[in-house]
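**Q** Fold the following for me, if possible:
(2 chains)
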Protein chains: 2
Amino acid sequence: MDTLQAIFTRRCVRSFTQDPVPDEVLRQVLEAGVAAASAGNSQPWGFVVVRDPARLAVLRALSPGIIDDPPVVIVVGLDQARVRRYGGKEGEQFAWMSVGIAVQNMLLAAHSLGLGACPVGSFHRKGVRAYLDFPPDVEPVLYVILGHPRVKPTPPGRRNWETVCFAETWGVAYE
Amino acid sequence: MDTLQAIFTRRCVRSFTQDPVPDEVLRQVLEAGVAAASAGNSQPWGFVVVRDPARLAVLRALSPGIIDDPPVVIVVGLDQARVRRYGGKEGEQFAWMSVGIAVQNMLLAAHSLGLGACPVGSFHRKGVRAYLDFPPDVEPVLYVILGHPRVKPTPPGRRNWETVCFAETWGVAYE
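**A** Just a heads-up that it's a prediction; the model follows:
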């Protein structure tokens, strides 16, 4: 799928069929995350792929943000040791932005390969951390849930262009 | 350009020719940012496009992170009012991740359209905020610099797959 088409047609998909996600597709999604740029090339992340139905059921119980049965949950961990090693004064902020960059790579890769996906942030971090054996320095901070879309979501609204895009200084609309 | 190709061949480009960036290309890059998903659809951002040579010279003086003469700098602002309105307990973290998502959309759009781009975080926020008339609630947090690449950067190293991708629980390598 063309890059711009992927960017402009991607939607957050939260409802899935139970068709399995092929291994080679999932691997490309993960590789897209691994390939992401990050502040100082710190790559302050780790990705735990959960597909076991019993484990997914526990994750659902720990995650108000999961409203259906995704066949795959990628749990994104933020590694504070790497944040400290590479970060400056604003290192923590750049680390969060880096996570967003990696997540968007995964969302676009999934969409371009025919999957639906969505970032989910509402879950019990301490419970997930313990349940998935995260080390002390790594915190689970976001899920990417994915699978085959059951419905095609309608596009959400976006803010008006002239309130977001400015020319030369803030407040001067970009024509 | 194909989405996966864009994801896997994108590089951080920091050196540019002085060829101008066509308006319609720049607009698509901005639209890619505007179209990005964000936590609670908060869209906690604004984008200031700087192209005026005199203004770019001032930005360079305020920005140790700019090492060449980019013909375009998109200054990304984070709107704390929107973060507060939409954010929960972890709202600030999700806002930073949302900025990363929007920035990656812009980086991939730029790359797919033949431009080079790079996120830049090293600049004097207070100085840039004042110089570009940012309102009190909005902080400039990241640049996307872009233009036509002068050199093709070599791929930076990435961490080993087995230290980043895990199956079911942290520490179990994803095969």
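
**Q** By mean pLDDT, flag the weakest helix or strand of chain A.
**A** Least confident helix or strand of chain A, by mean pLDDT, DSSP states H and E, is helix A:80-86 with a mean of 90.

**Q** tell me the contacts of the residue minimising distance to the centre of chain A?
**A** For chain A, A:Val103 is the residue whose C-alpha lies nearest the centre (C-alpha atoms, centre = their mean; 3.5 Å). Neighbouring residues of A:Val103 by C-beta atoms under 8 Å, 6 or more residues apart in numbering or on different chains: A:Gly33, A:Val76, A:Pro119, A:Leu142, A:Val144, B:Met97, B:Gly100, B:Ile101. C-beta: built from backbone N, CA, C; applies to glycine.

**Q** Among those, which one is most surrounded by other residues?
**A** When neighbours are taken as other C-beta atoms under 10 Å in any protein chain shown, the top entry among the contacts of A:Val103 is B:Gly100 (29 neighbours).

**Q** Let me know the helix or strand that it is in.
**A** Assigned by DSSP states H and E, B:Gly100 belongs to helix B:91-112.

**Q** Same question for A:Ala37.
**A** Applying DSSP H and E, one finds A:Ala37 in no helix or strand.

**Q** What is the neighbour count of it?
**A** For A:Ala37, the neighbour count with other C-beta under 10 Å is 20.

**Q** try the one 3 residues further on
**A** Burial of A:Gly40 is recorded as 16 neighbouring residues (other C-beta under 10 Å).

**Q** my guess is it is in a helix, correct?
**A** Yes - counting by DSSP: H, G, I helix; E, B strand; the rest coil, A:Gly40 falls inside a helix.

**Q** from what I can see it touches A:Arg82, true?
**A** No - contact criterion C-beta atoms under 8 Å: A:Gly40 and A:Arg82 do not qualify, at 9.5 Å.

**Q** For stretch A:19-34, which outside residues touch it?
**A** When contacts are defined by C-beta under 8 Å, 6+ apart, stretch A:19-34 is touched by residues A:43, A:45, A:47, A:49, A:51, A:71-72, A:74, A:76, A:102-103, A:105-106, A:108-110, A:113-115, A:117, A:144, A:146-148, B:4, B:7-8, B:158-159, B:161, B:164-165, B:174.
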